[in-house]
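J.: Kindly generate the corresponding structure for this input.
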Amino acid sequence: MYLHEVMKLTEKIKTPDQYPFNIPAIKSLGTLNFKKNVTFFVGENGSGKSTLLEAIAYQCGFNTAGGGRNNQYELASSEAKLGDYIRLSWMPKINSGFFLRAESFYNFANHIDDLAKEDPSIYHAYGGRSLHEQSHGESFLSLFKNRFGRKGIYLLDEPEAALSPARQLAFLSIIHELQHNAQLIIATHSPILLGYPHADIYSFDQQPIGLIQYEDTDHYQITRRFLENRKRYLKELID
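T.: Sure, this is the predicted structure:
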């Protein structure tokens, strides 16, 4: 584990009533501690989990459009508005890793294709061929299996977006292999990924942000209730 703490620099914030500082979870944020090699961020859309993850990526020096420190390309939506207002505490400091944004992965794949025009060997880190020549799920798993094998910190924003349930299960195995020499922080809605054992889960739906047990997450409870009472749920929703 490398990243031990994220602290919000409240004294630097001059517009606390403006986005993103007015998001309840961000507004109440003081210090967030990391004690496990695998940490999950959970919460409803707009709860601030992706905002904080992006800010951490910014402070790590990663491209906030997705990628690592050496992946420099432009994407208009990649501004990390919280990035200058947090401080990271490391032990030890590490510069290697990757920031995955599911929503901008297409642009990252274009960037890799551009680099490969000059050096085709770059595809070795992505399964041996263009990410665009693989299905969405295959390209994600190729990235995880090949690029993520090094020591580093890996920040993943909703990686389940391209993964079927079966591939989410396969990703659990990849997480297990990675966590031996890497730290992973994952923002997710997936009850499958959240089931990874011995991970910390931070809920952004409570203020301040706090740890929550897997079985207490809405993701687990709603999915379980639906699967156990599918007909009743559908009758209430549709009729």
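
J.: which residues are contacting the lowest-mean-pLDDT helix or strand in the chain?
T.: One helix or strand of the chain scores below all others by mean pLDDT, DSSP states H and E: helix 136-146, with a mean of 77. For helix 136-146, contacts defined as C-beta atoms under 8 Å, 6 or more residues apart in numbering pick out 98, 100, 105, 109, 124-127, 131-132, 134, 159, 162-164, 167, 170-171, 174, 178. Placement of C-beta: from N, CA and C, glycine included.

J.: again, only using 10 Å
T.: 98, 100, 102, 105-106, 108-109, 112, 123-135, 154, 156, 159-164, 166-168, 170-171, 174-175, 177-178 (C-beta atoms under 10 Å, 6 or more residues apart in numbering).

J.: Equivalent analysis for stretch 208-216, please.
T.: Against stretch 208-216 from outside (C-beta under 10 Å, 6+ apart): 24-33, 35, 39-43, 47-49, 52, 191, 194-197, 199-206, 218, 220-221, 224.

J.: 7 Å instead?
T.: Outside stretch 208-216, the residues that touch it by C-beta atoms under 7 Å, 6 or more residues apart in numbering are 25, 28, 29, 30, 32, 194, 195, 200, 201, 202, 203, 220.

J.: which parts of that stretch are buried?
T.: Under the neighbour-count criterion of 16 or more other C-beta atoms under 10 Å, stretch 208-216 has 209, 212, 214 buried.

J.: want to throw the residues you listed into TSV with pLDDT?
T.: Output for the buried residues of stretch 208-216, formatted as TSV (pLDDT from 0 to 100):
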residue	pLDDT
209	97
212	97
214	97
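
J.: Which stretches in this protein count as helices?
T.: For the chain, the helices defined by DSSP state H occupy 24-27, 49-60, 105-118, 136-146, 165-178, 191-194, 218-228, 230-238.

J.: For residue 87, which of the ones you listed is the nearest?
T.: Proximity of the helices of the chain to residue 87 was assessed by C-beta to C-beta; the nearest stretch is helix 49-60, lying at 7.7 Å.

J.: Please compute how far that closest one lies from its chain's middle.
T.: 9 Å (C-alpha atoms, centre = their mean, to the nearest Å).

J.: Turn the contacts of stretch 208-216 into CSV, columns for neighbour count, distance to residue 184 and pLDDT.
T.: Below are those laid out as CSV (neighbours: other C-beta atoms under 10 Å; distance: C-beta to C-beta, whole Å; pLDDT from 0 to 100):
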residue, neighbour count, distance to residue 184, pLDDT
25, 24, 20, 97
28, 15, 25, 96
29, 23, 20, 97
30, 10, 23, 96
32, 19, 15, 97
194, 21, 13, 97
195, 15, 15, 96
200, 16, 11, 98
201, 23, 13, 98
202, 22, 13, 98
203, 21, 18, 98
220, 18, 20, 96
